[in-house]
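[1] Make a model of this:
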Amino acid sequence: MAGSRWSIEELFQTGKGQVGLDHYQVRSWTGWHRFVTLAMLAPAVLTILAATAQQPDAAPTIIALTVAEIRRLLNAFVLAASLPPEHTLRWSIWRRTSQARARRSNYQRRQAI
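    Sure, this is the predicted structure:
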């Protein structure tokens, strides 16, 4: 029972950080229930999108799409369409390439110790 608590706490932290689970301001049970249902559905949809996204090849020049990156892309394309989509996609690729470079460097540093 204690082991399952950690995964539940981790899911709540993800919900708070990624989809604003802790930002509700409702006064009734019905409003709270609707908000929490949608806030818990959002990370599930993001997780499914991340799991079904095409994974990079064996050469780690770019990391796979993460839940946070998919959320950023959806926000950029749906909510704030001020920049052209090509710019947003190039920015995402640059960001994930930089993260892959940092990951490789971190692994090399750990192996040297």
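
[2] roughly how far apart are residue 26 and residue 33?
    With the distance defined as C-beta to C-beta, to the nearest Å, residue 26 ends up 9 Å from residue 33. Glycine gets a C-beta too; all of them are placed from N, C-alpha and C.

[3] Give me the phi and psi angles of residue 93.
    The phi and psi torsions at residue 93 (degrees, to the nearest 10) take the values phi -70, psi -40.

[4] Neighbours of it, how many?
    When counting by other C-beta atoms under 10 Å, one arrives at 12 neighbours for residue 93.

[5] Run through the residues that contact it.
    Residue 93 is in contact with residue 62, counting by C-beta atoms under 8 Å, 6 or more residues apart in numbering.

[6] Residue 103 too?
    By C-beta under 8 Å, 6+ apart, the neighbours of residue 103 are 60, 63.

[7] which stretch of helix or strand covers it?
    Here residue 103, judged by DSSP states H and E, is contained in helix 85-112.

[8] Identify each buried residue in that helix, please.
    By 16 or more other C-beta atoms under 10 Å, the buried positions in helix 85-112 come out as 88, 92, 96, 100.

[9] swap in stretch 63-77?
    With burial defined by 16+ other C-beta under 10 Å, the residues of stretch 63-77 counted as buried are 63, 65, 67, 69-73, 76.

[10] ditto for stretch 12-30
    Going by neighbour count (16+ other C-beta under 10 Å), the buried part of stretch 12-30 is 14-15, 18-19, 21.

[11] ok, of those, which one's closest to residue 41?
    residue 19 (9.0 Å; C-beta to C-beta).

[12] quick one: contacts for that closest one?
    39, 42-43, 46, 71.

[13] Mind picking the two most distant members of the buried residues of stretch 63-77?
    Comparing all pairs in the buried residues of stretch 63-77 by C-beta to C-beta, the longest separation belongs to 63 and 76, at 18.0 Å.

[14] Now, the buried residues of stretch 63-77 that are in strands?
    Among the buried residues of stretch 63-77, none falls in strands (DSSP state E).

[15] All good on my end, thank you.
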